[in-house]
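Enquirer: Quick one, structure for this:
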Amino acid sequence: MKKTLLITAAVIVGLGLLAAGTVGYIVFGTNTKNKTEVTIHIPRHTDYLQLLDSLHKHDILRSEETFDMVAHYMKYKTVKVGNYTIKPKMSNFELVRMLRKGQHYPVKFAFNNVRTLPQFIERASKVLFFDTRELASVMYDSGFWEQYGLNIASCPQIFIPNSYEFYYDITPEEFVDKFYKIHQQFWNETRRKQAEEIGLTPLEVSTLASIVEEENFRPQEKAIIAGLYINRLHKNMLLQSDPTVKFALRDFSRKRILNADLKVDSPYNTYKYKGLPPGPIRFPEASTLDSVLHYTHHNYLYMCAKEDFSGYHNFTNSAAVHAQNANRYRKALNERNIKH
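Expert: Residues are numbered from 1 along each chain as shown. As a prediction, this is how the structure comes out:
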């Protein structure tokens, strides 16, 4: 009798150890069969069954049944978006822990020297989880911008170049909303009052600043150029800004604007339409916005790039002197065989 009890106890212990070993292997044993790293993309609104289908399509798991058991045990229910790198020899525990944790971590997003919405969308999509299609669907949705009192032409004003921190899995809508709040903080009571004093709205300041930057990004001239264009606005003159024509043509590589180019029918053609264009022609820096708010007071009405190609300009209030400056610059272009 005693011997039978000992045998029974031994069997029970053995079975217990075997069960424990089996559970341990199911949880902590290797269950990924990929031999190299594989990245799977989990889009928004993915449910658990769709996740399993993605793992199956990528041929990741040795046993989908044991993965499902561990996922159930670890209470993995909510599938979180992200691009997950599956390494070779991962256990069910490691895999579920990674997927359950998600990718809600901060990343740096810095940008400058951006002209167009497509450029901005591409840069943001390289850093954050959403892709270009997702962000573009928001950025080009006129109805979306109505809540902010903006439209597709005016929306670039809220994206002030700098270095920012976002959570990697932020949605496109949250991304834009955060920039709108940053924009509102920038346009504090002091700056709004300064804009009002020079007769411009924040959008007009941003639009003018974008033109100033395209003319010359150097700080020595920005406030001077801003003052010149404000003088022309006050006199109800055409701004006649070459960068706005380049924007209308969607050709920023041009070094020379031809008479034929000036005929393009676009609200951004300031040789054809008076006043400022509908919105910024690039995403202006904060320093340039302040250069407009603190523009240099002078009587200049004309500017022309210097013939030495230094990037600086000749300024004057005389149409005759401007014509001479323009002739010298055209001559320099011809000598270098620059035709467009």
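Enquirer: which residues in this protein form helices?
Expert: 2-28, 48-57, 64-73, 92-101, 117-127, 132-139, 142-146, 172-186, 189-197, 202-215, 219-234, 242-249, 286-293, 319-335 (DSSP state H).
Enquirer: Just name the most buried of those helices.
Expert: Across those, the average number of neighbours (mean count of other CB atoms under 10 Å) peaks for helix 202-215, which reaches a mean of 25. For the C-beta atoms, the positions are set from N, CA and C on the backbone; glycine is no exception.
Enquirer: just checking, what packs against it?
Expert: helix 189-197, helix 219-234, helix 242-249, helix 286-293 (3 or more CB pairs under 8 Å, 6 or more residues apart in numbering; DSSP states H and E).
Enquirer: Give me the nearest residue to the residue most central in space within the chain, chain neighbours excluded.
Expert: By CA atoms, centre = their mean, the chain has its centre lying nearest to Ala124, at 3.3 Å. In space, and not counting its chain neighbours, Ala124 is closest to Leu135: 6.1 Å by CB to CB, 6 or more residues apart in numbering.
Enquirer: average pLDDT across stretch 276-292?
Expert: Per-region confidence: stretch 276-292 scores 98 on mean pLDDT.
Enquirer: And stretch 136-149, by the same measure?
Expert: Mean predicted lDDT for stretch 136-149 stands at 97.
Enquirer: end-to-end on it?
Expert: 19 Å (CA to CA, to the nearest Å).
Enquirer: got it, and stretch 333-340?
Expert: Start-to-end, stretch 333-340 (CA to CA) is 9 Å.
Enquirer: again with stretch 125-144
Expert: End-to-end distance (CA to CA), stretch 125-144: 19 Å.
Enquirer: Run the chain-centre distance for it.
Expert: When distances are taken as CA atoms, centre = their mean, to the nearest Å, stretch 125-144 is centred 9 Å away from the chain's centroid.
Enquirer: Excluding covalently adjacent residues, which one is nearest to Pro284?
Expert: In space, Pro284 is closest to Ala209, 3.7 Å off (CB to CB, 6+ apart).
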